[in-house]
Structure formats: structure tokens, C-alpha cells
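Q: using only what follows, build the 3D model:
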Amino acid sequence: MSLFRRPISPTELIYFPMRDMAPPFLMQLAVEGAGTIDPEQLRKAVAIAAEAIPGARLVRDGKYWVDSGVAPAVRVIDHALQYEALEADPVLTSPIGPTPESTVEVLLLTAAPTTLVFRVFHGVMDGMGMIMWATDVLRVLRGQEPLGAADPIADAELVRKVGAPGRPTLMLPRFRSAVGHGRQDPGAHRHLLRTRTIHATGPGALMRVAALLADEGGPRSRIMIPVDIRRHDPELRSTGNLALPLFLDVRPGMDWKQLNEIKKAGLRENRELNQMDNGGLKYLPPAAGRGLLRTLNVLGARYGRNLASATVSHMGRYDLDELAIPGFAPTAIRVLPQHSVAMPLLFGMTEGGGRTELTVSARSGRGIPERLDALLDRIVRTLETELTPADPARK
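A: Below is the predicted model:
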């Protein structure tokens, strides 16, 4: 066992109650492909990659994350993802295992198409940390050495090192969602998880989606863009939570280029570093924090009042051929966002094979499923019109 140990950051502490309030509260990365993967080779690769990335083996010890020395479990299941309504997929919605203390696991779904699913509790990794972990497992399966990520650092420590230039953004529940709101009926899904394939790629995809959300979101929308703060220390190798929000307050009619200029200005000024102490949740006792989260959910679902209108994340562009392993050729890579009680929409995007994969977690309610489908259809139409069409000759 390594001596890896780091404090649980204030951001990560906020995520603990979410496991009960928006289960299973996991980020999930689905790598779909043609061919097969040997389960024992996968287990060996997961163990080797986890030795180089102790963030994949963490368990809680009071105020700290510590390396358990136990590789993440690999579950082999005869199952294909139910893409039409992922919120009802019995595998994606199952708890992480094998014990309640587990924070990372890997699924091998053997029904066609073969799919690897990397499942991560957001309390131990951010989205890019999950990508680092998953791609290292694939590297090992190709016979390469893992790149590794053994720095015991998360957001709070890096922000202390770099310094925050200004004040946190004032957070008040006054922003509308692009899909409106609706009372949550007992017995109905409290969250939706939907995906779309956009047969085009190109610059500005994230900002084009943000502009569409602003058009649908009322007089003013607040779009949250997670920023990977590893950019402030390029030598840093950590899978910990190192994403902080950049808030864009936008109006209908603003085009994606205007939004992109606002984003670039925020990045130049390092505004995301100001948000480390945002929201005040970290100062509340656990019971009070849960109460505030429940209140935020009610304000959003019943009255359409949210701290932000949506989160939109771009999780990278991938050469699918470079991700291939012997016997298995990836055909799509999708990031599946965790559910949230405090945010009405969380979008995750990836690009590869000439296509853009878009997945969204949405707070559900009366009328939301139909409005969400209509919004996603508009996003697909717009991006396929504005971006470069997929080359039929490419995989």
C-alpha cells in the first residue's frame, strides 16, 4: 500500500450528501466499441493503473482520503446500455461496489456493443481526473506504461498556492432553466439522463450549446463552465477535484462568439479561482447542508429559481484509433454526468470519430421530459447545421 493521503477538500465534502439525495451520484465514462475485452486482462490493467493512480483506490478516513491499496472492482455484466432513457438503466443507476466505502469501479458490459464504463464518485475525482484514470487503464491494456497521477493535491491546496484574484460570485436562486420547471411527482424519476449523437464536430461546440440554453432560458441565464485549474500548474499530476466554476451571465440573442469572448476574458482574469469559497455550504453542519440542498431543489422544481441555469462541460476530443486495444476498437466515448439537486441541467460533451456526443442530466418534473427532448433536438439540428459534418469514411 502506498502512503498516499490528502485532506478531503471543502468541494468534495459537499458531494457526500448527494449520494443519498441524487443517487448514485457518479460520473460515468462509457467507452463503446467493436470487439471483446478479456475480463482477467482488464482486472490486471485496472490494478496496474490504480497502482500509478492512487486516487482510484481512495477510502475515507475522517477528514482525509487515504489509499486503501485495493484496486477498483471490475464487474462483468451481460448488458447493453439503454440509451433511450439512461435514467432507467438498471446498471448505470446501481450503487457502486463492492462495499459502501467504494469510490471507483469499472464495468465491462458484454452485450453488443461491448462497453467499458468507468464509474467514479465525484468526491474523489473531477471529470478530467476520471479521463486520466480511464485512459491509463486503456494504455495498460495496450501494453504501455501508465502515465500515473500520484500528486496528493485537490482544489483548495492549489488555490492557496496560486492565489485567488477577486471575490466569489454572489449566488442567489434567481435563474431560469432552458427546460422550465415542474413539480416532482412521487414515484416518477427525479432526474433524467439523456444522450444525443451530433454528426458533426468543430470549434465552439460548448459555447454554441450555451448560447442555445440562453435563448431558451428567460431574460438572463447563468451558465456554469467548469474550468480545469491544472492549467495553473502544468506539471501537476492529480486526479483529485481540480475543477472550479466560471460563471457566464448571458441574455437571449447573444451568439456563441460573444459568449466565447466572455469566457476567454474570465480565464485571462483567473476568475474561476475566486469560487473556491463560493456558496457557503462548506461552513454548514451536515444536517444544515442537506436542508439547504433540499430547499434549492424545491425552489428549482416548483418555482424555477436556480443558482445557475446549467452546467456545460467539454471533456475533450479523442482519436478513437489511438484509444484502441488488441481485440477492441472504440467507436464512441461519452461522459455521463452525475445528477444534482442544486442544478437543473448538467451537460457533458466529447468529440471523436467526426461526431460530438452530448449527454445531459436534468432535474425532472411535470412536462420536463418532453421539453428536454425538444431542446436536445434543437441542439442537434443547430450543431449539425453550423459545424463540420462527419466524414462517412471515418469510423
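
Q: check Leu26 and give its pLDDT.
A: On pLDDT, Leu26 comes in at 97.

Q: now what about stretch 203-214, what contacts it?
A: Contacts to stretch 203-214, defined as CB atoms under 8 Å, 6 or more residues apart in numbering, come from residues 178, 198, 221, 223, 225, 248, 250-252, 254-257, 259-260, 263, 309-310, 312-314, 345, 347, 349, 351, 356, 358, 375, 378-379, 382-383, 386-387. (Glycine included, C-beta is placed from N, CA and C.)

Q: in ChimeraX, how would I select the buried members of these?
A: When burial is assessed using 16 or more other CB atoms under 10 Å, the buried subset of these is captured in ChimeraX by this command:
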select :178,198,221,223,225,248,250,254,256,259,260,263,309,310,312,313,314,345,347,349,351,356,358,375,379,382,383,387
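
Q: tell me which of the contacts of stretch 203-214 fall in helices.
A: Using DSSP state H, the members of these that fall in helices are 256-257, 259-260, 263, 375, 378-379, 382-383, 386.

Q: who does the helix or strand where Ile333 lies touch, helix- and strand-wise?
A: Here Ile333 sits within strand 328-336, counting by DSSP states H and E. Secondary structure elements in contact with strand 328-336, counted by 3 or more CB pairs under 8 Å, 6 or more residues apart in numbering; DSSP states H and E, are strand 26-35, helix 127-141, strand 191-198, strand 310-318, strand 345-352, strand 355-363.

Q: what angle separates the helix or strand following the first one from helix 127-141?
A: Stepping forward along the backbone from strand 26-35, the first helix or strand reached (DSSP H and E) is helix 39-52. Computed by axes from the mean of the first three to the mean of the last three CA atoms, to 10 degrees, the angle separating helix 39-52 from helix 127-141 equals 130 degrees.

Q: what secondary structure does Leu116 sit in?
A: Following DSSP: H, G, I helix; E, B strand; the rest coil, we place Leu116 in the strand state.

Q: for it, which residues make a bridge with it?
A: Leu116 has these beta-bridge partners by DSSP bridges: Val31, Leu108.

Q: next: the one 5 residues further on.
A: Partner residues in beta bridges with Phe121: Leu26, with DSSP bridges as the criterion.

Q: how about the contacts made by it?
A: Shown in contact with Phe121 (CB under 8 Å, 6+ apart): 15, 19, 25-26, 96, 103-104.

Q: same check on Ile229?
A: Contacts for Ile229 were tallied using CB under 8 Å, 6+ apart; they are 155, 158-159, 162, 242-244, 272-273.

Q: which two in those are spaced the farthest apart?
A: By the measure CB to CB, Val162 and Ala243 form the most distant pair in these, at 14.3 Å.

Q: what are the contacting residues of stretch 69-82?
A: Counting by CB under 8 Å, 6+ apart, 1-2, 30, 32, 39, 42-43, 46-47, 50-51, 56-57, 88-92, 97-98, 102, 104-113, 115, 117 sit against stretch 69-82.

Q: which among those residues end up buried?
A: Burial by neighbour count, judged by 16+ other CB under 10 Å, picks out 30, 32, 42-43, 46-47, 50-51, 56-57, 89, 91-92, 102, 104-110, 115, 117 from the contacts of stretch 69-82.

Q: any weak-confidence spans in the chain?
A: Counting by pLDDT under 70, the chain contains low-confidence ranges at 1-2, 278-283, 390-395.

Q: of all residues in it, which one is nearest the centre?
A: Centroid-nearest residue in the chain: Pro337, 4.1 Å away (criterion: CA atoms, centre = their mean).

Q: so that residue sits against Val312, correct?
A: No: with contact defined as CB atoms under 8 Å, Pro337 does not count as touching Val312 (10.1 Å).

Q: contacting residues around the residue lying closest to Ser177 once chain neighbours are set aside?
A: Nearest-residue entry for Ser177: Pro344, 3.8 Å, with adjacent residues in sequence omitted and distances by CB to CB, 6 or more residues apart in numbering. By CB under 8 Å, 6+ apart, Pro344 lies in contact with 177, 179, 181, 300, 306, 309-310, 362-363.

Q: hmm, try it at 6 Å
A: Pro344 makes contacts with 177, 300, 306, 363, as judged by CB atoms under 6 Å, 6 or more residues apart in numbering.

Q: on that earlier part again, most tightly packed of the helices and strands packed on strand 328-336?
A: Comparing these on average neighbours per residue, with mean count of other CB atoms under 10 Å, the densest one is strand 355-363 at a mean of 25.

Q: pairing partners for that strand, with directions?
A: Short version: by DSSP bridges, strand 355-363 pairs with strand 191-198 (antiparallel), strand 345-352 (antiparallel).

Q: after the first one comes which helix or strand?
A: This means strand 191-198. By DSSP H and E, the next helix or strand past strand 191-198 is strand 200-201.

Q: what helices and strands are in contact with that following strand?
A: For strand 200-201, the contact count by 3 or more CB pairs under 6 Å, 6 or more residues apart in numbering; DSSP states H and E identifies no helix or strand as a packing neighbour.

Q: pairing partners for it, with directions?
A: strand 388-389 (antiparallel).

Q: how far does the strand it pairs with sit from the chain's center?
A: 25 Å (CA atoms, centre = their mean, to the nearest Å).

Q: contact partners of stretch 321-336?
A: When contacts are taken as CB under 6 Å, 6+ apart, the neighbours of stretch 321-336 outside the stretch itself are 28-37, 138, 141-142, 315, 318, 320, 348, 350, 352, 357, 359.

Q: of Val162 and Ala243, who's got more company?
A: Taking neighbours as other CB atoms under 10 Å, Val162 and Ala243 compare with Ala243 leading, 22 against 14.

Q: from Ala265, how far off is the closest residue to Leu273 other than its chain neighbours?
A: Beyond its immediate neighbours in the sequence, the residue positioned closest to Leu273 (CB to CB, 6+ apart) is Ala164, lying 4.4 Å away. The span separating Ala164 from Ala265 equals 17 Å under the rule CB to CB, to the nearest Å.
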